[in-house]
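In: Give me a model of this one.
(chains A and B)
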Amino acid sequence: MSTTLDRLHRGQTATVTALELEGAERRRLMDMGLLVGTTVSVDRVSPLGDPTAYRVRGGLLVLRRGQAHQIHVALLGGDPT
Amino acid sequence: MTAADSSAGTSPACGDCVLNNVSNLRELGVSPAGHDIVAAVAGNPNTGKSTVFNALTGLRRHVGNWSGKTVDRAEGGFEYRRRRYKLVDLPGTHSLLSTSHDEDIARDFLLFGRPDTTVVVVDATRLERDLNLVLQILQITDRVVCALNLVDEAERNGLAVDSRHLARELGVPVVPMVARRGTGMTELLEAVEQVVSGAITTRGKRVQHRDNRLEQAVSRLSEQLEREFPGVANTRWIALRLLEADPRVERAVADGTLGELSTAATLAAPPGGNTT
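Out: Numbering: from 1, shown residues only, chains lettered A, B, ... in the order given. All right, here's what the predicted structure looks like:
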């Protein structure tokens, strides 16, 4: 199932399929390990859902909803609620 | 031997013994005048760069666990096996393809300051992410020692890193350590010394692009750069950035400041200014 990162719920795991970002922001996320094919899972969600912490390659990456919305993922498992 | 002798801990003879590696270390604090070797400490944010730096120089640089804590270069000195080192602690950076001021500092120093050796500190618990920077640095220089820090944390999380295999893959020494407790510090010093003295020949892993057209463009461009800026290091890397349209590098080439960068990075050391 294809969706964007901001639509994932806690505990869900997905694979990155595309980064709809450009320039320095794209570069920065890629430097921190967020590449196409990377497995991402939702680690923690703040009370209002923004920002959200994701597990990426053993590290924790915290993104705003706006950023997460631009990252396309394919759902792997977890509980699709 | 009297009771007083034994309570003194190590006798003076022990302190000089060749088997006692730490005895070869003399912290020189902030006055590294007349150094022979310039060594840089680089790494991702929060991997323990400043802890390693402090352990070697005897300085007490503030270590703080938040992003952008170390925003400037700090320098200190130490002496090991009769060589005087100037150690430069760089701000944490995820990449050399920088996007912020503190990343620029780290990048400019590594690229144009040409340290004799670079210690890249990586977090054993986030190795996959941190190796990105190691590989990027290996494209620029072979004289690298990888400090695999926080192995105690990794163990606690059920991770074991095969450092010897990693060293083979990277082509440079990998030293497992717990900088916070001083574990592995001797081994790190030995590795640095061996890389500096040439006792170990490092062969840093180079990323192959496997694209003939790209390779041709890069070599043509770097030849031009060498003609234009004789003596500038890493023209290949600069050529790649130009092809990628990195605005900062483009500007440096266009206005001719690229030539100055190589000297400026080594000379313009901030006087004591370390942290924000």
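In: tell me, how many neighbours does residue B:222 end up with?
Out: Residues near residue B:222, counting by other Cβ atoms under 10 Å in any protein chain shown, number 19. Bear in mind the C-beta positions are built from the backbone N, C-alpha and C, glycine included.
In: Over to residue A:26?
Out: Look at residue A:26: counted by other Cβ under 10 Å, it has 14 neighbours.
In: For residue B:126, grab phi and psi.
Out: The phi/psi pair for residue B:126 (degrees, to the nearest 10) reads phi -130, psi 40.
In: so how many other residues sit close to it?
Out: So residue B:126, with other Cβ under 10 Å, has 22 neighbours.
In: Let me see the ranges of the strands in chain A.
Out: Remark: strands assigned in chain A by DSSP state E are A:2-4, A:13-19, A:39-45, A:52-56, A:59-63, A:71-75.
In: meant to ask about the stretch 101-250 of chain B, not that
Out: B:117-123, B:144-149, B:174-176 (DSSP state E, counting those that start in this stretch).
In: Return the list of helices and strands in contact with the first one.
Out: Using 3 or more Cβ pairs under 8 Å, 6 or more residues apart in numbering or on different chains; DSSP states H and E as the contact criterion, the secondary-structure elements in contact with strand B:117-123 are strand B:37-43, helix B:49-57, helix B:127-140, strand B:144-149, helix B:185-197.
In: quick one on the thing from earlier: okay, the strands of the stretch 101-250 of chain B in TSV with mean pLDDT next?
Out: Below are the strands of the stretch 101-250 of chain B laid out as TSV (pLDDT from 0 to 100):
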stretch	mean pLDDT
strand B:117-123	96
strand B:144-149	97
strand B:174-176	97
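In: can you redo those as JSON lines with distance to residue B:93?
Out: Output for the strands of the stretch 101-250 of chain B, formatted as JSON lines (distance: least, Cβ to Cβ, whole Å):
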{"stretch": "strand B:117-123", "distance to residue B:93": "11"}
{"stretch": "strand B:144-149", "distance to residue B:93": "15"}
{"stretch": "strand B:174-176", "distance to residue B:93": "20"}
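In: right, and these - which one's nearest residue B:90?
Out: Minimum separation from residue B:90 across those (Cβ to Cβ) falls at strand B:117-123, 8.9 Å.
In: What are the contacting residues of that closest one?
Out: B:37, B:39-44, B:46-49, B:52, B:110, B:130-131, B:133-134, B:137, B:141, B:143-150, B:153, B:179, B:188, B:192, B:195-196 (Cβ atoms under 8 Å, 6 or more residues apart in numbering or on different chains).
In: let's see 7 Å
Out: The contact list for strand B:117-123, computed with Cβ atoms under 7 Å, 6 or more residues apart in numbering or on different chains, reads B:39-44, B:47-49, B:52, B:110, B:130-131, B:133-134, B:137, B:141, B:143-150, B:192, B:195-196.
In: Check stretch B:168-185 too.
Out: So stretch B:168-185 is in contact with B:48, B:51-52, B:55, B:134, B:138, B:144-152, B:161, B:163, B:166-167, B:187-188, B:191, B:195, B:200, B:202-205, going by Cβ under 7 Å, 6+ apart.
In: what do you get for stretch A:48-66?
Out: Residues from elsewhere that reach stretch A:48-66 (Cβ under 7 Å, 6+ apart): A:6, A:32-34, A:38, A:40-46, A:68, B:125-129.
In: ok, back up a step: and the helices and strands packed on strand B:117-123, which one's lowest on average pLDDT?
Out: Lowest mean pLDDT of those: helix B:49-57, a mean of 88.
In: now the helix or strand just after it, how far from the centre of its chain.
Out: Reading on from helix B:49-57 to the C-terminus, the next helix or strand found by DSSP states H and E is strand B:74-80. Distance of strand B:74-80 from its chain centroid, counting by Cα atoms, centre = their mean, to the nearest Å, is 13 Å.
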